[in-house]
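In: Task: produce atomic coordinates for the following.
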Amino acid sequence: MARNRLTTTQCNARRKAGKLADGDGLYLQTSPNGNKSFVFVFIRSGRRREMGLGPFGTGTGQVSLAAARDKADEVRAILGRGGDPFTELSSRRATSRTFGAFVDEWIGGMEEGWRNEKHRAQWKSTLGNGYCASLRKRPIGEVTTDDVLKVLKPIWRTKAETARRIRGRIERALDAARAAGERAGENPARWRGHLSELLSKPEKLQRGHHKAIPYKDVPAFMVKLRAMNGASAPAVEFTVLTAARSGETRGATWPEIQGDIWVIPPERMKGGREHRVPLVPRALEILKQMKKQRTSDIIFPGFRDNRPLSDMSLSAVLRRLKVDATVHGFRSSFRDWAGDATDFPRELAEAALAHLVGDETERAYRRGDALARRRELMEAWAAYLVSGK
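Out: Take a look at the predicted model:
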C-alpha cells in the first residue's frame, strides 16, 4: 500500500467511523462518537497488534499527521531489528533525557573541535532557550516534526539564515541522539523529502543580503551623518570608514587600538582570524572624540555601564536619516566603489573586508595582510567619502 496517502485536510474532514490508511501500518481511526486518533497495526509472532500513537490534532497532547508519521517510523525501526515497540518505547520514555539536557552535554563534548569561542556561543545560542525553549523541554526520544516546526515557523521568513542554521543544528543533535541510542526512526528535522515539503524552499526566502545604497550616494549620506548628534552616529561613521561589520565596531575596545591600527582579535571576527584595520585620520579623530567621554574599555558604549551600543541603535541612525539600507550594507557600497571606481586589485578590497580569497594553496603563499596597500585603499575611500571623487 502506498505511503503518505493521507492529507491533513482528509483527516480533518473524516467523519465516518473506522480506519483510514496512511500506508505501511499507520491508520487514522475514527470512533463512533467522532473522536480521531492514530494507531499503528503490525503482526508480531503471528499475532495482530495495535499500538495507539495519540489523538489527532494540533493542540497540547494531540498528534498531527506529520508527528504520527514520525512515531510510526520509530515503531517500524524497532520492528525492523526484531524488537518489541511496546517494551522499547515505554522503557525509553522512562529514561530519556530532554532535548535540552542532551544538547548541552553533546555541545560540551564537541566544543574542543570548534575553532573559537564565538562559534561555541552561536551553537549554544541557537539551541538554547532563545529559539528552542519549547523543544528543550521535550524528551529527546519523542521530538517530532511538529516540535521542530514550532521552532522554525516563527522565524522561517523573517530570519531565514538563522532558521536555516537552527534546522541544521537540530538535525545534527537528533542524529547524535540516535547514534547514542536515545532515538529511533527518521530524523524529523531532515530537509530533503521531509521539511522541504512543509516549508518554503530556501531559494524563495530572504537570503540575508543586506540592503545597501549606491556608492555614488554615500558621500551625501556622510554629510548628513556628520551633522547628527548622539553616540550612535560616530559609531556608524567609524564603521563606514573602516568597512567593518557593525558588530565589530560595537564591540571595539580601547586595548584593540594600537596607534593608527585597529587590531580585532580572532574571537570577535566572523572568520575566526585576527584582522588589522588601518585607521585613516578621520577615524582617529572620531576615536579622539570618544576618548574624552571614556568610562570603560568599550569605545562606543551604550546607555548601560560597560555595555556596547546595540545593533538597533545604529539602525536607528539610518531610519532617522530616511535611508533604506542597513549599516552592514555599506560594506557592499565600499566593495562596489573599489571594483568600479578604482584600480585597486580585487584581492586588496576583499582583504579589507576580511574575506578569504583563493584556495588553501594560494592563501598559504600570501600570508601577509597587505597592510600598507590596504592603508592606501582606505585613505582613498575616506577621500571619496568627503569629495565624492
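In: now what about stretch 40-51, what contacts it?
Out: 25-27, 39, 53, 71-72, 75, 79, 84-86 (Cβ atoms under 8 Å, 6 or more residues apart in numbering). C-betas here are computed from N, CA, C, even on glycine.
In: average model confidence for it?
Out: Confidence for stretch 40-51, expressed as mean pLDDT, is 87.
In: What ranges in the chain fall below the confidence cut-off?
Out: 1-4, 59-61, 90-96, 111-119, 202-210, 304-305, 356-369, 389 (pLDDT under 70).
In: hey, where'd the strands end up in the stretch 251-389 of the chain?
Out: 257-258, 261-264, 275-278 (DSSP state E, counting those that start in this stretch).
In: what comes up buried for whichever strand or helix holds Val223?
Out: If you go by DSSP states H and E, Val223 is part of helix 218-226. The neighbour-count check on helix 218-226 (16 or more other Cβ atoms under 10 Å) flags 218, 221-222, 225 as buried.
In: Check stretch 314-321 too.
Out: 314-315, 317-318.
In: dump the residue contacts of the most centrally placed residue in the chain.
Out: Most central in the chain under Cα atoms, centre = their mean is Thr162, positioned 2.3 Å from the mean C-alpha point. By Cβ under 8 Å, 6+ apart, the contact set of Thr162 is 126, 131, 155.
In: what about burial for those residues, which qualify?
Out: For the contacts of Thr162, buried by 16+ other Cβ under 10 Å: 126, 131.
In: Next, format the contacts of Thr162 as a markdown table and append secondary structure and distance to Lys322.
Out: Below are the contacts of Thr162 laid out as a markdown table (DSSP: H, G, I helix; E, B strand; the rest coil; distance: Cβ to Cβ, whole Å):
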| residue | secondary structure | distance to Lys322 |
| --- | --- | --- |
| Thr126 | helix | 34 |
| Tyr131 | helix | 32 |
| Ile155 | helix | 28 |
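In: Closest to Thr8 out of the contacts of Thr162?
Out: Ile155 (22.4 Å; Cβ to Cβ).
In: Skip the chain neighbours and tell me the closest residue to that closest one.
Out: Ala163 (4.7 Å; Cβ to Cβ, 6 or more residues apart in numbering).
In: SS state for that neighbour?
Out: The three-state label for Ala163, taken from DSSP: H, G, I helix; E, B strand; the rest coil, comes out as helix.
In: quick one: it and Asp147, what's the gap?
Out: Separation of Ala163 from Asp147 (Cβ to Cβ, to the nearest Å): 15 Å.
In: Tell me which residues touch Ala338, please.
Out: Applying Cβ under 8 Å, 6+ apart to Ala338 gives the contacts 344, 348-349, 352, 377, 381.
In: Recalculate using a threshold of 6 Å.
Out: 344, 349 (Cβ atoms under 6 Å, 6 or more residues apart in numbering).
In: one step back: out of the buried residues of stretch 314-321, flag the one nearest to Gly181.
Out: Distances from Gly181 to the buried residues of stretch 314-321, taken by Cβ to Cβ, are shortest for Ser315, at 46.8 Å.
In: so how far is Leu241 from the closest one?
Out: For Ser315, the distance to Leu241 - Cβ to Cβ - is 18 Å.
In: What's the ChimeraX line that selects buried ones from the contacts of stretch 40-51?
Out: A single ChimeraX command selects the buried members of these (16+ other Cβ under 10 Å):
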select :25,26,27,39,53,71,72,75,79,85
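In: Quickly name whichever of the contacts of stretch 40-51 is closest to Met290.
Out: Out of these, the member with the shortest distance to Met290 (by Cβ to Cβ) is Lys71, at 58.4 Å.
In: Contact partners for Lys71?
Out: Here Lys71 is in contact with Leu53 (criterion: Cβ under 6 Å, 6+ apart).
In: Show me what counts as buried in the helix or strand where it lies.
Out: Applying DSSP H and E as the criterion places Lys71 in helix 65-80. Neighbour-count burial for helix 65-80, counted by 16+ other Cβ under 10 Å, picks out 65-79.
In: And stretch 146-156, by the same measure?
Out: Per 16+ other Cβ under 10 Å, stretch 146-156 contains these buried residues: 146-152, 156.
In: Dump those to TSV, plus secondary structure and distance to Lys19.
Out: Converted to TSV, those look like this (three-state DSSP; distance: Cβ to Cβ, whole Å):
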residue	secondary structure	distance to Lys19
Asp146	helix	22
Asp147	helix	26
Val148	helix	28
Leu149	helix	26
Lys150	helix	28
Val151	helix	32
Leu152	helix	32
Trp156	coil	34
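In: Identify, from the residues you listed, the entry nearest to Arg190.
Out: Distances from Arg190 to the buried residues of stretch 146-156, taken by Cβ to Cβ, are shortest for Val148, at 9.4 Å.
In: Touching, the closest one and Pro188? I think so.
Out: Yes. When contacts are counted by Cβ atoms under 6 Å, Val148 is listed as touching Pro188 (5.2 Å).
In: pretty sure Met51 is in a strand, no?
Out: Yes. Assessed with three-state DSSP, Met51 lies in a strand.
In: So the residue sitting furthest away from the middle of the chain versus Ala77, what's the distance?
Out: Ranked by distance from the centre of the chain (Cα atoms, centre = their mean), the top residue is Gly46, with 49.4 Å. Distance, Gly46 to Ala77, by Cβ to Cβ: 21 Å.
In: again with Gly54
Out: Counting by Cβ to Cβ, the gap from Gly54 to Ala77 is 18 Å.
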